[in-house]
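Engineer: sequence unknown, structure follows:
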């Protein structure tokens with residue numbers, strides 16, 4: 001558990017066990033940042049209740065302000081893992097209760113702060129579980145700016161808020177992507193589809209760079225749909241990847257899924273190198289990307 005030390009001049013509190021990351025980073029101008037390996041926080045979004053904020057105790061750095069549950073990252077820890085661990089330690093956020101949507105990183109060269117924006121998929125009540133919190137509360141999005149915010153969070157909130165309405169989805173034409181790699185997939189279409197979906201699942205866990213998907217921020221975790229047909233239609237969903245078995249034409253199902261998602265206000269990318277299908281999904285409000293766009297990102 002990361003316990004941030006008191007602000008200068010405040011009484012010192014017991015810190016307990018310390019991680020090597022629990023230390024200040026000091027810039028040349030004397031500005032201090034908590035977390036030798038950077039810091040991370042969780043912006044949990046509940047569709048009905050708003051965002052989860054932490055009221056910091058007075059003795060903490062920038063005390064008596066509201067911010068996100070978060071703190072120093074451990075050595076070798078990813079930003080996402082650090083944000084989720086800190087949220088569990090400071091606010092009792094249960095494992096699996098949130099699904100990552102995007103990661104936004106403030107990079108000050110000597111120090112970074114990563115904000116993991118995640119949707120609540122299993123509602124929970126936050127629990128004060130360390131001495132740094134005075135209060136934890138779900139705050140409506142429109143009311144956040146009425147609170148006395150931590151300076152760092154106050155500076156980042158306008159940009160983060162503008163991204164809350166963006167919900168990307170990627171629809172994959174599995175047959176077309178498989179066909180782009182001459183690895184003998186035609187001998188076992190179902191097996192080849194399973195291997196591709198396993199690689200999609202691995203990509204879904206690490207996210208897609210903002211540059212790749214044409215969105216702001218740093219990393220996005222889109223909703224993934226893999227449309228299969230024919231012999232591959234028996235493939236099961238792969239956790240983070242929803243497998244959609246086309247009852248008839250795979251192309252028609254892809255267009256239907258793209259149209260449904262776009263109509264719901266989602267930012268939709270369809271992965272296919274089929275020119276006619278690309279034209280159809282573009283007309284439905286999606287962006288078409290060729291198979292190579294996806295293959296270049298997939299883990300081996």
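Structural biologist: Sure thing, it's come through. The structure displayed is predicted, hence computed values, not measured ones.

Engineer: excluding chain neighbours, what is closest to residue 214?
Structural biologist: Ranked by Cβ to Cβ, 6 or more residues apart in numbering and with sequence neighbours excluded, the top spatial neighbour of residue 214 is residue 287, at 7.1 Å. C-beta: built from backbone N, CA, C; applies to glycine.

Engineer: do you know how far the one you found is from residue 114?
Structural biologist: Per Cβ to Cβ, to the nearest Å, residue 287 is found 27 Å from residue 114.

Engineer: same question, residue 66
Structural biologist: 19 Å.

Engineer: likewise residue 88?
Structural biologist: 16 Å.

Engineer: then residue 85?
Structural biologist: Residue 85 is 12 Å from residue 114, by Cβ to Cβ.

Engineer: how deep is residue 216 tucked in, by neighbour count?
Structural biologist: 13 (other Cβ atoms under 10 Å).

Engineer: who's in contact with it?
Structural biologist: For residue 216, the contact set (Cβ atoms under 8 Å, 6 or more residues apart in numbering) comprises 159, 163, 210.

Engineer: just confirm it is within a helix.
Structural biologist: No: the assignment for residue 216 (DSSP: H, G, I helix; E, B strand; the rest coil) gives coil, which keeps it out of a helix.

Engineer: just the strands in the stretch 51-200 of the chain please.
Structural biologist: Remark: strands assigned in the stretch 51-200 of the chain by DSSP state E, counting those that start in this stretch are 66-67, 70-72, 98-107, 112-120, 133-139, 168-173.

Engineer: can you pull the buried residues of the third one?
Structural biologist: Read it as strand 98-107. 98, 100, 101, 102, 103, 104, 106 (16 or more other Cβ atoms under 10 Å).

Engineer: so what sits opposite the last one in the bridge?
Structural biologist: It stands for residue 106. Taking DSSP bridges as the rule, residue 106 bridges to residue 113.

Engineer: my guess is it contacts residue 113. True?
Structural biologist: Yes: counting by Cβ atoms under 8 Å, residue 106 touches residue 113, with 4.6 Å between them.

Engineer: need the overlap of contacts for those two.
Structural biologist: Going by Cβ under 8 Å, 6+ apart, residues that sit against residue 106 and also against residue 113 are residue 152.

Engineer: lovely, talk soon.
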